[in-house]
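>>> no FASTA, just this:
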Ligand SMILES: [Fe+2]
Ligand SMILES: [Fe+2]
């Protein structure tokens, strides 16, 4: 059983992992900012088109609507394994023998943390961090599931990739949304900020009653690159956000660089993860 993704007008990526691969290239160690800017549109027309749609359609109003639609967690109860198996049904047309499944990608992230002797809650965070990509299976377009996230309702930072694409977003013509603080108070805290909608915000809502605050920051802001990699939007942050930034940064290399081609041995790893899930979660949680 699989949901093959076909390239369409709304979904220009062959599969959503192309966005992750683009990020790993963009933040390759030793590359300067100007170098990765050139690397962008020419080498990645599908990714550029994906960002064009993302920047055009992620309006503040769209975000509020999606928050209402998903943050109540009304899509049923699932165990972590069930959620992972569900995400695994999202596959593209590429060769199943050489390509890794979504579960295998998640295990590569968490296993890299485990090898580095990171705390158990962080290993767990590595495993669950991309489970929110199941939004694709609920019918959301790629530009509403993945992509760098950014605050809506205030001015766009020039540190967001492809900032020129925001010209097509209706919010860019709303003066209220185009001041530095927009609808927010100075240093109001990121919790008050309506981020562009995607898998980060959704998985945070699913996990927020179960995991420590450091983990929740990793989940909620792992795609907020203009903040955690470029230092933008400090004027919306409070002390807790600044304190937690170090954890988001600690998480990021595992997200970007842990994906290899060796298939994790599921049968061997399963008992460890069964125990890890049982330590933090009831059997089933709301999605
Ligand atoms: Fe992610
Ligand atoms: Fe990821």
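Here it is on my side, so go on. In this text the structure is predicted, and so the values were computed from the model without any measurement. Ligands and ions are numbered 1, 2, ... in the order given.
>>> Check the burial of the closest residue to ligand 2 within the stretch 101-250 of the chain by counting its neighbours.
Going by CB to the ion, ligand 2 is nearest to residue 130 of the stretch 101-250 of the chain, at 4.3 Å. From N, CA and C alone the C-beta is placed, and that goes for glycine too. By other CB atoms under 10 Å, the residues close to residue 130 number 25.
>>> Over to residue 268?
Neighbours of residue 268 under the rule other CB under 10 Å: 8.
>>> The host helix or strand of it: which residues count as buried?
In this assignment (DSSP states H and E), residue 268 forms part of helix 266-280. Going by neighbour count (16 or more other CB atoms under 10 Å), the buried part of helix 266-280 is 273, 276-277, 280.
>>> Figure out how far stretch 121-138 is from the centre of its chain.
What separates the centre of stretch 121-138 from the centre of its chain is 9 Å, taken as CA atoms, centre = their mean, to the nearest Å.
>>> meant to ask about stretch 65-77
Chain-centre distance of stretch 65-77: 17 Å, with CA atoms, centre = their mean.
>>> Buried ones in the helix or strand containing residue 250, by neighbour count?
Assigned by DSSP H and E, residue 250 falls within helix 239-257. For helix 239-257, burial by neighbour count (16+ other CB under 10 Å) applies to 241, 244-245, 247-248, 251-252, 254-256.
>>> before we move on, what about stretch 163-181?
Applying 16+ other CB under 10 Å to stretch 163-181 flags 165-166, 169, 171-172, 177 as buried.
>>> sorry, back to before: and the buried residues of helix 266-280, which is closest to ligand 2?
Among those, and counting by CB to the ion, the member closest to ligand 2 is residue 273, at 17.1 Å.
>>> residues touching residue 143, list them.
10, 50-51, 53-54, 57-58 (CB atoms under 8 Å, 6 or more residues apart in numbering).
>>> State the mean pLDDT of stretch 250-270.
The average pLDDT for stretch 250-270 rounds to 90.
>>> Give me the contacts around that stretch.
For stretch 250-270, the external contacting residues (CB under 8 Å, 6+ apart) are 20, 23-24, 27, 98, 100, 103-105, 107-109, 111-113, 122, 125-126, 129, 218, 222, 228-229.
>>> List the contacts of the closest residue to residue 286 other than its chain neighbours.
Nearest residue to residue 286, sequence neighbours excluded (CB to CB, 6 or more residues apart in numbering): residue 73, at 4.0 Å. Going by CB under 8 Å, 6+ apart, residue 73 touches 205-206, 286-287.
>>> do you know how far the residue nearest to residue 145 when sequence neighbours are not counted is from residue 193?
Among residues not flanking residue 145 along the chain, residue 135 sits closest, at 4.5 Å (CB to CB, 6+ apart). Between residue 135 and residue 193 the distance, using CB to CB, to the nearest Å, works out to 20 Å.
>>> can you put the buried residues of stretch 163-181 in CSV and add distance to ligand 2, pLDDT and secondary structure?
Shown next, in CSV, are the buried residues of stretch 163-181 (distance: CB to the ion, whole Å; pLDDT from 0 to 100; DSSP: H, G, I helix; E, B strand; the rest coil):
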residue, distance to ligand 2, pLDDT, secondary structure
165, 23, 97, helix
166, 24, 98, helix
169, 25, 98, coil
171, 27, 98, helix
172, 29, 98, helix
177, 29, 98, helix
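>>> start to end distance for stretch 166-183?
One end of stretch 166-183 sits 18 Å from the other (CA to CA, to the nearest Å).
>>> contacts for that stretch?
Outside stretch 166-183, the residues that touch it by CB under 8 Å, 6+ apart are 52, 55-60, 151-156, 160, 235-236.
>>> what two of the residues you listed are the furthest from one another?
Maximum pairwise distance in the contacts of stretch 166-183, criterion CB to CB, is 27.2 Å, between 52 and 235.
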